[in-house]
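Participant: Everything below, folded, please.
(chains A and B)
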Protein chains: 2
Amino acid sequence: MDGVQDLIPTFAVIAALAGLVLAYVFFGIVRSADPGSDRMVELMGDIQKGARAFLRREYTWIAVFVVVLAIIIFIALPWGRPWGSIAYILGAVTSGLAGFIGMTVATMANARTAEAAKTGPQLALPLAFRGGAVMGFSVAGLSLLGVAISYIVFHQWLAVEDSLQVVTAFTLGASSIALFARIGGGIYTKAADMGADLSGKVEAGIPEDDPRNPATIADNVGDNVGDVAGMGADLFESYAGSIIAPIALAGFAFAGLAIQGPALVFPLAIAAFGMLAAILGAFTVKAKPDIESKELSKALTRGTKVAAVITVVLAFVLAWWLFSGVEDVENWLGFPIAVVAGLLVGLGIGHLAEYFTSDHYKPTQDIAKTSQTGTATNIVAGVATGKLSVAGSVLMIVAAIGVAFFAGQWAAPDVPEAGTYGIALTAIGMLATLGVVVSTDAYGPIADNAGGIAEMAHLDPEVREVTDSLDSLGNTMAAVAKGFAIGSAAVTALALFRSFEQAVIAAGGEIMMDISQVDAFVGLFIGAMVPFLFAALTMQAVGRAADKMIIEVRRQFNEIPGLREGQVQAKPDYARCVDISTQGALKEMVLPGSLAVFVPIIIGLISVNALGGFLAGALVTGFAIAIYMANAGGAWDNAKKYIEAGNFGGKGTDTHAAAVVGDTVGDPFKDTSGPAMNILIKVMTIVSLIFATAFVDFGIFS
Amino acid sequence: MDGVQDLIPTFAVIAALAGLVLAYVFFGIVRSADPGSDRMVELMGDIQKGARAFLRREYTWIAVFVVVLAIIIFIALPWGRPWGSIAYILGAVTSGLAGFIGMTVATMANARTAEAAKTGPQLALPLAFRGGAVMGFSVAGLSLLGVAISYIVFHQWLAVEDSLQVVTAFTLGASSIALFARIGGGIYTKAADMGADLSGKVEAGIPEDDPRNPATIADNVGDNVGDVAGMGADLFESYAGSIIAPIALAGFAFAGLAIQGPALVFPLAIAAFGMLAAILGAFTVKAKPDIESKELSKALTRGTKVAAVITVVLAFVLAWWLFSGVEDVENWLGFPIAVVAGLLVGLGIGHLAEYFTSDHYKPTQDIAKTSQTGTATNIVAGVATGKLSVAGSVLMIVAAIGVAFFAGQWAAPDVPEAGTYGIALTAIGMLATLGVVVSTDAYGPIADNAGGIAEMAHLDPEVREVTDSLDSLGNTMAAVAKGFAIGSAAVTALALFRSFEQAVIAAGGEIMMDISQVDAFVGLFIGAMVPFLFAALTMQAVGRAADKMIIEVRRQFNEIPGLREGQVQAKPDYARCVDISTQGALKEMVLPGSLAVFVPIIIGLISVNALGGFLAGALVTGFAIAIYMANAGGAWDNAKKYIEAGNFGGKGTDTHAAAVVGDTVGDPFKDTSGPAMNILIKVMTIVSLIFATAFVDFGIFS
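Facilitator: Next up, the predicted model:
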């Protein structure tokens, strides 16, 4: 049987390639669709040009950072010469590639979806989904490919511990891209969005996505660089991290035990079969010609459900195959239970987010109601709702941690860290079917962009209605995807945190994360502060960039004759606005991004105990703030939509005006600061794990 | 020399009585001042009646809670029969008494200050200060009296450990009052304030404090029950906690060592001499007849400065006297250094708060500037500024913790926990001169109320100008007082947290707060969530109560003929609004208050390791949120004032309207949720310490 087990990493490579083939097939389908009128092709071209220009400049910046860190890894870490540095660069390049592919197809699918929507949703839905699926399967395929190849190559060449460090360096490469893509993309998209809304909708009194608004192309570019490329890089990293976390733990903690062999390949096996399940799921997403609006949502989520069920069944089969009869394992059932616990809690966090942010439920309706007494009460209600939503998510995640821990211990009672291995498996439960989950998530911005193009190209209003209905469908799945992203971030960070401890010990150091001791406590205190600082910096960045955008839009309305009135010869300077968002985002992402990488290194060089406390503090507070900001922002957004649907007086009332302010405040909450938080907590943990050896060798108090 | 040391607790009783005598003398001075016209006396009477009615009903509710907890202490804790329960009730009663006295004199001083302001600030300033000083010295005097008497009585009757538990029960009594007074008072004051502002200023378009507004008396009552009684109870508890934390630690950790004797009395000695210094300081606050506006601020803060300098000098003298030549002590200088580190960091946090919230500095001016692009950018800027301010405060507090820890270890290298004793001493450094600090803080609401009465009694506009200038003076000192309150809360909680660990061990239990273990980590995660939940619940409570107030004010404007127009025969129903605030506050304080007390008990009964993590998580996150909410609220408030002073267009512009919304959002941030946070973190730690024995005896996993 051992021989077959050895083939699992190779099988993972094959599964990854299958995912990439699917992405390529879907790419062909999208490309062959009709992009519509000349005007639509022109708009699509503008958006694509803006998005590419941003990505090119962003990647240039990040490349500098990546080279610097690769050199540091080379110099400071004995195992990093040269393989650690190479794996690190490989992680960065594949992640960047996945983001580029996803964004390219997303900016192709937008006009085509608008064109397809002319005949109703039954063609537009699968097209938008397949556009998203190119992204989803590129992300999942490239991520799994990179992890599996790194594992195969370095596992054969290097000692187990060194090879795991090298594989972890691959994840750090992906994290570096994710960090900057999330921050930069998040700043870009919200600076453009706030700028377009405040100067266009509010001041000039013209509707959203109106072609007269000079910031409108930048706004649509923002959807692609933030929601598509940023989210893709985020989940690329989450996926890689969720596979590597249990592998790294098994490598460090199960040394010399019979369980180590199967424990190393089990995560890869689930990921490989999960990929196949996701591919199967993706093919189930289609819409019948006479499909009703209610059925659309089911059609869209069918793929995810099918994939999840298959993966759960396979997790049990794989665990039985790999773990039953292994010397240290008493109850092989414990491990798939941990996987399922993760899946359930990921779904739970997502559905809780839906409860707090969907206008079908009381919290968001209450925010809408409160808007009747003004803007201030709307804001207070949104903040309170967001903070309230933290409690349930935390209780669910600690329940998953608890169940997985005991399941892991029950599975292998005499193996130290078997419980932690169980915790690490929960993240795989959430992300095994990533391909199809991201497809459904990336679908949202494509439908959104299609609506923008329909508006700007003056298509029939019915087209916009179709794209709007498609857009709103994506919300539930987007909530679930966010639940998976943040939930997996927490448990992955926890597992990596434990690997960090093991790595310090393996490097001959001592570590004691007792928070009743002053060093760990001081670290905890500083760690809990960092997410606040990070949120402040990213929000201020959005504010500054949006301010510049508003001034530019005002200038164009004042200086370009006939623009406000919509005269044909008056052309807004879209490119200038795109440029402002680009420059603002790039300039502003440097400080928070560098902070995330260098602060843990500095603290680790002072004291590893303090670093342990620091990571734990940042993890728990970062999780809470991420949930708070995402849900507050979502609730404000949908409270506004609820009023726009005709409740409490509908559009044009003071109540609506109050809700619009809430929505705008929520923008940087839910799309910049909040989503960047889960990368923050992981990146800091991975950096610590990678540099553990250096802390032991060069640390002051270590 | 030992004989003289034994007299220190008695000396503390004498110093406490001296403080109370000063309070009585100042009370006489305030009472003998002229309260002004019949109209002013009537208004003062209305405010006093409303405040008393609230306090009476609030205390009735709290009494039920106190009796329940006293019975639980009696039943569950062997050492609690009956002395623990009695000390607990004593703490509650003295704290309640201090709040009652302070509020009574504050509601007498308001009209008298308005009357005195007719001739300018030189009479009004000392009068308002003395009104505040009655509060300040009642709080400090009763608190020190209670602690010192509990110490003397129980220390003679009981074994050291039991006597310390009993003395700690006194603090828990004070904490119970503080918790509910802060939450209830905070909800009351902001429900009334938001209700009055939104319905009166915004909807009906009448100025602040206009007698036509039915909520205006409730608003003025709110200043007294929230800012005076709530703040007094808060600092009563902080002061008692700061004295008892090092005593409890010395009792548990220094058992059998020569250092224990002096270490037990040193905190009492500093508190006693600090009280005398504060009395001296209070006498230096006066204003010359020809005083200039600039000089007023100096006159007001002179008292605090004088008292602080004297206390620092005495801390060195006392440490030399008590610790030099003691067997375990190698460097007696270490202990006063810890005290001074605390004082400096308390001042530092206060001044940092001033930097972030005063309109003399860039952050607040930037918020004002951002208001030019609308409400949404104002809100985002305020949130970002508040979150940004967390970093500096955390770095300062960890610096104090670090310095004090090393100073303590340096002082007594061979004594375990000497470093933690140093940390505990920092809180005393901040609060030793509490009497005069509170005087300057309570002065603010008196000046504010005086302005309200001047407005409602239609006094000459110049009187209002004088009271406004007095009011704005208080802001810097209020920031410093808040810095002391939150800073001391953090270090006191940390010291009590360490005592909790010792208490578990002393009770025969085991505890291991290693956050790399799943139990402590899960506790940490839940603990970090609690401040978010607490903030959500208190903010929602304010929102609900304010909504009811707005509806009532609207009803009165609609149903009482001639009210809006200001016809003489049209009388608003003030009492109804007062009643709405009262009922809302009382109903809403129960859930968050109970949460703070019962959640740690439940977790402790499951696992003390988890409780350790829980307390640490709540402490670090609660501190960060407290700073964030207080400073965001303060910055919004002053950004509005900055615009009102004529910047960016001044009053009546859209910019001003945006800033008004920010100010209203900031109200529950800075006056309800934020200030309640430092009690939350302490109350949970004290409850854990008190019930440590029960956790060991009855705990599931302990």
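Participant: Tell me which stretches of the stretch 401-550 of chain A form helices.
Facilitator: Taking DSSP state H, counting those that start in this stretch as the test, the helices found in the stretch 401-550 of chain A are A:418-431, A:434-456, A:461-506, A:518-559.
Participant: Out of these, flag the one nearest chain B.
Facilitator: Chain B lies closest, by Cβ to the nearest Cβ, to one member of these: helix A:518-559, at 3.7 Å. The C-beta positions use only the backbone N, C-alpha and C, and glycine is treated the same way.
Participant: how about the next helix or strand after the closest one: buried residues?
Facilitator: Where DSSP states H and E defines the elements, the next helix or strand beyond helix A:518-559 is helix A:574-606. By neighbour count on 16 or more other Cβ atoms under 10 Å in any protein chain shown, the buried set for helix A:574-606 is A:574, A:576-582, A:584-586, A:588-589, A:592-593, A:595-597, A:599-601, A:603-606.
Participant: Just list the residues touching residue A:176, thanks.
Facilitator: Contact analysis of residue A:176 by Cβ atoms under 8 Å, 6 or more residues apart in numbering or on different chains lists A:62, A:65, A:66, A:69, A:88, A:91, A:92, A:597, A:683.
Participant: which of these lies closest to residue B:324?
Facilitator: Set against residue B:324, the nearest of the contacts of residue A:176 by Cβ to Cβ is residue A:597 (48.7 Å).
Participant: contacting residues for the closest one?
Facilitator: Residues near residue A:597 by Cβ under 8 Å, 6+ apart: A:69, A:176, A:179, A:683, A:684, A:687.
Participant: Please apply the same query to residue A:432.
Facilitator: A:270, A:271, A:273, A:274, A:275, A:277, A:278, A:311, A:315, A:339, A:343.
Participant: quick one: pLDDT of it?
Facilitator: pLDDT for residue A:432: 90.
Participant: element containing the closest residue to it other than its chain neighbours?
Facilitator: In this structure, residue A:432 finds its nearest non-sequential neighbour in residue A:274, 2.9 Å apart by Cβ to Cβ, 6 or more residues apart in numbering or on different chains. In this assignment (DSSP H and E), residue A:274 forms part of helix A:260-283.
Participant: what's downstream of the least confident helix or strand in chain A by mean pLDDT, the next helix or strand?
Facilitator: Least confident helix or strand of chain A, by mean pLDDT, DSSP states H and E, is helix A:2-6 with a mean of 78. Following helix A:2-6 in sequence order, the next helix or strand is helix A:8-32 (DSSP H and E).
Participant: Report the angle between whatever helix or strand comes next after that next one and helix A:574-606.
Facilitator: Going down the chain from helix A:8-32, the next helix or strand is helix A:38-76, by DSSP H and E. In terms of direction (axes from the mean of the first three to the mean of the last three Cα atoms, to 10 degrees), helix A:38-76 departs from helix A:574-606 by 20 degrees.
Participant: Which strands or helices does the helix or strand just after helix A:38-76 pack on?
Facilitator: If you walk from helix A:38-76 toward the C-terminus, the next helix or strand you reach (DSSP H and E) is helix A:83-116. Under the contact definition 3 or more Cβ pairs under 8 Å, 6 or more residues apart in numbering or on different chains; DSSP states H and E, helix A:83-116 sits against helix A:8-32, helix A:38-76, helix A:121-157, helix A:160-196, helix A:231-253, helix A:434-456, helix A:461-506.
Participant: Distance from helix A:83-116 to the middle of the chain?
Facilitator: Chain-centre distance of helix A:83-116: 14 Å, with Cα atoms, centre = their mean, to the nearest Å.
Participant: Stretch A:594-607 now?
Facilitator: 24 Å.
Participant: What's the mean pLDDT across it?
Facilitator: Per-residue scores along stretch A:594-607 average to 94.
Participant: residues from the stretch 301-450 of chain A in reach of chain B?
Facilitator: Within reach of chain B by Cβ under 8 Å from any Cβ of the partner chain, the stretch 301-450 of chain A has these residues: A:370, A:373-377, A:379-381, A:383-388, A:390-391, A:394-395, A:397-398, A:401-402, A:405, A:419-420, A:423.
Participant: Also the stretch 451-600 of chain A?
Facilitator: So the stretch 451-600 of chain A meets chain B at A:494, A:497-498, A:501, A:512-516, A:518, A:520-522, A:524-529, A:532-533, A:535-537, A:539-540, A:542-543, A:546-547, A:550 (Cβ under 8 Å from any Cβ).
Participant: Just the buried ones out of those, please.
Facilitator: By 16+ other Cβ under 10 Å, those give A:494, A:497-498, A:501, A:513-516, A:518, A:520-522, A:524-529, A:532-533, A:535-537, A:539-540, A:542-543, A:546-547, A:550 as buried.
Participant: re the thing from before, which elements pack onto the helix holding residue A:274?
Facilitator: So helix A:260-283, by 3+ Cβ pairs under 8 Å, 6+ apart, packs with helix A:2-6, helix A:8-32, helix A:121-157, helix A:231-253, helix A:293-323, helix A:418-431, helix A:434-456.
Participant: Flag every buried residue along the shortest one.
Facilitator: Spelled out, it's helix A:2-6. Here helix A:2-6 shows residue A:5 as buried, counting by 16+ other Cβ under 10 Å.
Participant: And the nearest residue to residue A:172 once chain neighbours are set aside, which helix or strand is it part of?
Facilitator: In space, residue A:172 comes closest to residue A:686 once its chain neighbours are excluded; the distance is 4.9 Å by Cβ to Cβ, 6+ apart. For residue A:686, the host element (DSSP H and E) is helix A:674-690.
Participant: Any chance you could list what contacts the following helix or strand past that helix?
Facilitator: Sequence order places helix A:692-698 as the next helix or strand after helix A:674-690, per DSSP H and E. If you take Cβ under 8 Å, 6+ apart as the criterion, helix A:692-698 is touched by A:76-79, A:165, A:500, A:503-504, A:506-509, A:604-605, A:608, A:611, A:688, A:702.
Participant: Local confidence estimate at residue A:702?
Facilitator: On the pLDDT scale, residue A:702 gets 63.
Participant: If you could redo that for residue A:612, that was the one I meant.
Facilitator: Residue A:612 carries a pLDDT value of 96.
Participant: Let me know whether residue A:402 touches residue B:523 as I believe.
Facilitator: No. At 11.2 Å, residue A:402 does not count as touching residue B:523 under the criterion of Cβ atoms under 8 Å.
Participant: More neighbours: the two, which one.
Facilitator: residue B:523 (30 against 16; other Cβ atoms under 10 Å in any protein chain shown).
Participant: List the contacts of the more buried one.
Facilitator: With contact taken as Cβ under 8 Å, 6+ apart, residue B:523 is in contact with B:603, B:607, B:609, B:610, B:611, B:612, B:613, B:614, B:615, B:617.
Participant: Now it: closest residue in space that isn't a chain neighbour?
Facilitator: According to Cβ to Cβ, 6+ apart, the nearest residue to residue B:523 is residue B:613 (3.0 Å).
Participant: what's the burial count for the one you found?
Facilitator: Residue B:613 is flanked by 31 other residues according to other Cβ under 10 Å.
Participant: what about it, which helix or strand?
Facilitator: Counting by DSSP H and E, the element that carries residue B:613 is helix B:608-644.
Participant: now that helix and helix A:518-559, what's the angle there?
Facilitator: 30 degrees.
Participant: Flag every buried residue along the next helix or strand after helix B:608-644.
Facilitator: Next in sequence after helix B:608-644, counting helices and strands by DSSP H and E, comes helix B:654-668. For helix B:654-668, burial by neighbour count (16+ other Cβ under 10 Å) applies to B:655-668.
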